[in-house]
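1. need a 3D model of the following:
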Amino acid sequence: MSDEITDQQRLLNEAIALAAEVHVGQVRKQPDGRPYICHVLDVVNALPAHMHTIRLVAALHDTVEDIDPARQQWLKDTIKAKFGAEVLAGVEAMSHDKPKGLDKAGELAHYLRYVRKKVASNKAAIPVKIIDNYVNMKDRVAQFVAGGKDAEKARKKLHQYAQSIALLTAPKAKKKR
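-> You can find the predicted model right below:
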């Protein structure tokens, strides 16, 4: 077996390296405080290897929303130059601007609107968001089952992720693919 990697593997490694650069120092708040790049790798690794473009979007899925706004244009330009317009469009579709000051019902409504309008309109973003939600749900199930002060918050997040998956897998959403 050759030690050489394919062009697709090299690009995926570059996307993961860029994501690691953007997420350096960030940790998952729930449930275990792991480095944030672990979440990114969980999402990438849950997607089949033959879904190359989608895996690139997965590697970069939270970068635009998590980078300092002053560096967003640099990041978008970098993604487009290294990985192409299709990957950038998928990453932008995955980017969720979370407004401040909404109550819990308003946050849920805003999130579901984002999924319906931005994510569902991009072929690469749909499977990434489904897997992203699945990975998030795995984390929250453990938190919910453990009980305690964060169990109710975990239950609400599980509901949010389940609603998002339902939106993206409904027959109407499938027709948009």
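2. neighbouring contacts of the helix or strand containing Lys129?
-> Here Lys129 is covered by helix 125-146, with elements defined by DSSP states H and E. Helix 125-146 has contacts (Cβ atoms under 8 Å, 6 or more residues apart in numbering) with 28, 30-32, 39, 42-43, 46-47, 51, 54, 57-58, 61, 90, 93-94, 115, 118-120, 150-151, 153-155, 157-158, 161-162, 164-165, 168-169, 173, 177. Bear in mind the C-beta positions are built from the backbone N, C-alpha and C, glycine included.
3. next: stretch 107-119.
-> 92-96, 98-99, 102, 125-126, 129, 156, 160, 163-164, 167-168.
4. do that again at 10 Å, thanks
-> 90, 92-99, 101-103, 120, 125-126, 128-130, 132-133, 156-157, 159-161, 163-168, 172-173 (Cβ atoms under 10 Å, 6 or more residues apart in numbering).
5. show me the shaky parts of the protein.
-> Applying pLDDT under 70 to the chain flags residues 1-2, 30-31, 172-177.
6. one more time with 80
-> 1-3, 29-32, 172-177 (pLDDT under 80).
7. ok, which stretches of it are helices?
-> 7-23, 36-45, 52-60, 63-66, 72-83, 85-94, 104-114, 125-146, 151-169, 171-175 (DSSP state H).
8. cheers, nothing more for now.
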